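Chemist: Based on what follows, work out the 3D shape:
(chains A and B)
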Amino acid sequence: MTATLEKTAPGPGSAESGLGAVPSFQVTLRVQRYLPTDAGDLPAGQDVGAPTPGEYRWDEFTLTMHGTDRVLDALHKVKWEHDGSLTFRRSCAHGVCGSDAMRINGRNRLACKTLLKDLDLSKPVVVEPIKGLPVLKDLVVDMEPFFASYREIMPFLVTTGTEPTKERLQSAKERERFDDTTKCILCAACTTSCPVFWTDGQYFGPAAIVNAHRFIFDSRDEGAAQRLEILNDKEGVWRCRTTFNCTEACPRGIEVTKAIQEVKRAMITRTF
Amino acid sequence: MQIHQYDVVIVGAGGAGMRAALESSVRTRTAVISKLYPTRSHTGAAQGGMCAALANVEEDNWEWHTFDTVKGGDYLVDQDAAEVMAKEAIDAVLDLEKMGLPFNRTPEGRIDQRRFGGHTRNHGEAAVRRSCYAADRTGHMILQTLYQQCVKNEVEFFNEFYVLDLLVDHDLAAGEVAEGDEVAVAGVVAYELATGEIHVFRAKSVVLATGGAGRIYKTTSNAHTLTGDGMALAYRRGIPLEDMEFFQFHPTGLAGLGILLSEAARGEGAILRNSEGERFMERYAPTIKDLAPRDIVARSMANEVREGRGAGPNKDYVLLDLTHLEPAHIDAKLPDITEFARTYLGIEPYTEPVPVYPTAHYAMGGVPTNIEGEVLRNESDVIRGLYAAGEVACVSVHGSNRLGTNSLLDINVFGKRAGISAARYAVDAPWVDLPEAPAALVQAELEEIRTRPDGERVGDLRQALQETMDANAQVFRTEESLHQAMDDLRSLRKRFAAVSVQDKSRAFNTDLLEAVELGFLLDIAETVVVGALNRRESRGGHFREDYPTRDDEGYMRHTMTYRRPLSTPVAGAGGDVDGSFSGSTELDGYRVVLGSKPVTMTRYQPMERKY
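Modeler: Predicted structure coming up:
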């Protein structure tokens, strides 16, 4: 099936274009569907069109969309106007909550940050759940293994001694040292783009290491040695093969691979 | 069905819920129930900062902060609460720093501070640097830091559980409580999204921390999940909602999208301009110009557009100009919001002004509480064991218009207080019996919607609701527009009775949950419109074109909105009802009864509000 692009959006490149005119175009969305086997009995006679429990299938929807619409808008259009059973997570809809990471045309992205006009619309836009975590329904995956790895790396400030009455001092330079990794929204786009994680679900994965980095290089923190010990594990930081998928996938622009390399180096040199 | 028992159950895992959990969980057995994973909560979308009179970069004190908060709220602020907030702000910021929050720093290594709308030196002399911040992602850092501490303290979470009913030993929506009787909370009923299973949580204390209700409007900065759940749960049980007509429209939403661009942009020097390039805020607020409080800026912007000075092909927005700021400064202080402009509008803020228009942002009203976080069931009586904090609550520190940064402050100060109060109460309190078949009502309602073969679509009804609220109950309101909104709400409520969903399964049925959320939105919209119709004056975020001035004689009181049975005498709901707050609106099967509550004034008498 091929969708034709009726009108090309000029893209609201300036204050004068786009916003008022709202150009529209056709988009075909090809979405992977899955209904678990224990989804519960469907009311008699009302299961028409529902995916067969336990089996994957692809559904296509052709939609009329507008200039500033994102993949999330297209998914909402399906859910609200065509098929209410299409299931995905979303909340803030502008790239800060991390709910709607999914595989869009083979790349991990946030649906709310991916503008349709930036995709090749001459072909269907392929939407799948992120890989490496169990699929629960349609685009929803089980996030528990992901958060379990995060919790393991002691993702909190570790300090000893008496607390100062006022704030701890930290220079602007020291603060800058770990700025990049504070941006993480735990969307799992990096971890589920990692080939090592796909083949070995025990691997901590990039997101957990990013969050370890955020504390290891925080001048106020005193838990670096413990965290490095945890990440020195066989499922730890050495499993990274530096494929840079994670850096490419990060919707927050974090240099994930670089952060992982810095953690590796800290482990060897014991400087942080 | 599963039954759980905890001393304290906290509903919601945003800033207020997690701040409460950190206090409660070290004192007694606590569970946090959240419809999202905690880090998805909308606290994370807050950008600009959290004000506290640390005086790290210039002279400041908490008394000035209190005054600004009171004046910013157009004197409808309870001044005892504002004092508590401004005083405890300092420790709240220091607490977060000690938990590890990466604040931006001064050259001396202390927490840096910047200007923000409505925050001034010495009672309005000039803008003051009071907002503590972490670039333009302060809310993200607060949410992450609180979650990190919850991980450290092994707080127990029930993620992706939706609370659908509040269990109270007297259903106030069914009638009044006898004189001298106490009302106490017994727990909540929740729905597990993954399985569709119902869970009853028995608790001595329940803390509502479910956030706001921005999705009653079409153009909003709020997440899709901000559907007023906690407010509606309370309202359905006859617990009043306070000051619901006061909704804040943030001036700088990305035009057409509503995505928030922080006031920090203006705090860092950005300027609002109309189509003629004029810095129009100079006309509306000569002293602090673009840093006037949000209600004033939003109204000024809407007025520019109405008078034909809007920019763009349809002249329907104004421009936020950052082009005179150094790109390096923008990158250091405002990285996220400039990226929003690039991503969503294709605008380069270094060189082009950004199209902006007001966006529904914050509910000043909510579940009434006192400064300990205890929920009130009328002007003065509390419900034993029930607490609320954050946007769901109305304490009221924001009055009729919240100042920027005061919501991140509110969740920290009153989240902490509610957590302590809830735990202290639970330690000694007796268990309240669960009602017979506590989940029966919820289960029947859910099954009815899930199995109804054909009917109204959730998406259609929600869109109609949001459109009427945008058209008729937004920045400018009139008797006529509000009546139109009320008529539309009545018809939507009828249609909602026939709502059906297409997803008939039990696993991850978000279709069904959107139907439930729509029911909450309809409840909340109704309280906004009823309150707005009754308040025949203009104050803060509520502007009536037919009554454009503030009327302290008639309306210097908090609105209280009660759901009551049709049989209730029209004269009031048990509060101290005066002339202006005595109406009642009959709806299908119940009556919305108005009452009022006095404003607490300690040191500031109302004055004309000029900036």
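
Chemist: which ones are touching B:Pro275?
Modeler: Rather than Pro, residue B:275 is Ser. By Cβ atoms under 8 Å, 6 or more residues apart in numbering or on different chains, the contact set of B:Ser275 is B:309-312, B:315, B:318. For the C-beta atoms, the positions are set from N, CA and C on the backbone; glycine is no exception.

Chemist: So of those, which two are at opposite extremes in space?
Modeler: Within the contacts of B:Ser275, two members stand farthest from each other by Cβ to Cβ: B:Arg309 and B:Gly312, at 11.4 Å.

Chemist: Compare the two (neighbour count), which wins?
Modeler: Taking neighbours as other Cβ atoms under 10 Å in any protein chain shown, B:Arg309 and B:Gly312 compare with B:Gly312 leading, 24 against 16.

Chemist: Against B:Asp511, how distant is the more buried one?
Modeler: Going from B:Gly312 to B:Asp511 by Cβ to Cβ, to the nearest Å gives 36 Å.

Chemist: The residue sitting nearest the centre point of chain A and chain B, how far apart?
Modeler: Per Cα atoms, centre = their mean, the C-alpha nearest to the average position across chain A is that of A:Ala189, at 3.0 Å. Using Cβ to the nearest Cβ, to the nearest Å, one obtains 14 Å as the distance from A:Ala189 to chain B.

Chemist: what's the answer for A:Thr165, then?
Modeler: Noted for A:Thr165: a distance of 8 Å to chain B, by Cβ to the nearest Cβ.

Chemist: Please give me every residue in contact with the residue in the stretch 1-150 of chain B that chain A sits nearest to.
Modeler: Closest to chain A within the stretch 1-150 of chain B is B:Gly100: 3.0 Å, counting by Cβ to the nearest Cβ. Taking Cβ under 8 Å, 6+ apart, we find B:Gly100 in contact with A:156-157, A:215, A:218, A:220-221, B:145, B:148.

Chemist: related to what we said a few turns ago, list the contacts for the residue nearest to the centre of chain A?
Modeler: Here A:Ala189 is in contact with A:101, A:108-110, A:130, A:249-251 (criterion: Cβ under 8 Å, 6+ apart).

Chemist: Which element, helix or strand, includes A:Ala39?
Modeler: Using DSSP states H and E, A:Ala39 sits in no helix or strand.

Chemist: Distance check, it against chain B.
Modeler: Taking Cβ to the nearest Cβ, one finds A:Ala39 at 4 Å from chain B.

Chemist: Give the burial count for that residue, as a bare number.
Modeler: 23.

Chemist: can you give me the helices for the stretch 1-150 of chain A?
Modeler: A:71-77, A:144-152 (DSSP state H, counting those that start in this stretch).

Chemist: which of the ones you listed sits most buried?
Modeler: Highest mean neighbour count among the helices of the stretch 1-150 of chain A (mean count of other Cβ atoms under 10 Å in any protein chain shown): helix A:71-77, with a mean of 22.

Chemist: Pull it out as PDB, backbone CA atoms only.
Modeler: The C-alpha coordinates for helix A:71-77 follow below in PDB (Å, rounded to 0.1, in the frame of the first residue of the first chain):
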ATOM      1  CA  VAL A  71       3.300  11.100  15.000                       C
ATOM      2  CA  LEU A  72       1.500  11.300  18.400                       C
ATOM      3  CA  ASP A  73      -1.200  13.400  16.700                       C
ATOM      4  CA  ALA A  74      -1.600  10.700  14.100                       C
ATOM      5  CA  LEU A  75      -1.900   8.000  16.700                       C
ATOM      6  CA  HIS A  76      -4.500  10.100  18.600                       C
ATOM      7  CA  LYS A  77      -6.400  10.600  15.400                       C
END
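
Chemist: That helix - contacts with which helices or strands?
Modeler: Judged by 3 or more Cβ pairs under 8 Å, 6 or more residues apart in numbering or on different chains; DSSP states H and E, helix A:71-77 is in contact with strand A:24-34, strand A:56-66, strand A:125-128.

Chemist: again, only using 7 Å
Modeler: Helices and strands touching helix A:71-77, by 3 or more Cβ pairs under 7 Å, 6 or more residues apart in numbering or on different chains; DSSP states H and E, are strand A:56-66.

Chemist: Pairing partners for the strand it packs on, with directions?
Modeler: Paired neighbours of strand A:56-66 in the sheet (DSSP bridges): strand A:24-34 (antiparallel).

Chemist: For the strand it pairs with, which residues meet the burial criterion?
Modeler: Neighbour-count burial for strand A:24-34 flags A:25, A:27-34 (criterion: 16 or more other Cβ atoms under 10 Å in any protein chain shown).

Chemist: Next to chain B in this structure, residues from the stretch 101-250 of chain A, please.
Modeler: The stretch 101-250 of chain A comes close to chain B at residues A:113, A:136-137, A:140, A:143, A:151, A:155-157, A:163, A:166-172, A:175, A:182, A:185-186, A:220, as judged by Cβ under 7 Å from any Cβ of the partner chain.

Chemist: Serialize the contacts of A:Ala189 to JSON lines and add fields for pLDDT and neighbour count.
Modeler: What follows is the contacts of A:Ala189, written out as JSON lines (pLDDT from 0 to 100; neighbours: other Cβ atoms under 10 Å in any protein chain shown):
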{"residue": "A:Ala101", "pLDDT": "98", "neighbour count": "29"}
{"residue": "A:Asn108", "pLDDT": "98", "neighbour count": "25"}
{"residue": "A:Arg109", "pLDDT": "98", "neighbour count": "26"}
{"residue": "A:Leu110", "pLDDT": "98", "neighbour count": "28"}
{"residue": "A:Ile130", "pLDDT": "98", "neighbour count": "22"}
{"residue": "A:Ala249", "pLDDT": "98", "neighbour count": "25"}
{"residue": "A:Cys250", "pLDDT": "98", "neighbour count": "26"}
{"residue": "A:Pro251", "pLDDT": "97", "neighbour count": "22"}
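
Chemist: for the residue nearest to B:Asn122 when sequence neighbours are not counted, what are its contacts?
Modeler: Distances taken as Cβ to Cβ, 6 or more residues apart in numbering or on different chains place B:Trp64 nearest to B:Asn122, at 6.3 Å, with adjacent residues excluded. Counting by Cβ atoms under 7 Å, 6 or more residues apart in numbering or on different chains, B:Trp64 touches B:53, B:120-123.

Chemist: could you redo the last one with a cut-off of 10 Å?
Modeler: Going by Cβ atoms under 10 Å, 6 or more residues apart in numbering or on different chains, B:Trp64 touches B:53, B:86, B:119-125, B:128, B:130.

Chemist: Whichever of those end up buried, select them in ChimeraX.
Modeler: Only the buried entries of these go into this ChimeraX selection, using 16+ other Cβ under 10 Å:
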select /B:53,86,119,120,121,124,128,130
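
Chemist: Would you mind listing the two of the contacts of B:Trp64 that lie farthest apart?
Modeler: The widest separation within these, taken as Cβ to Cβ, falls between B:Ala86 and B:Glu125 and amounts to 17.4 Å.
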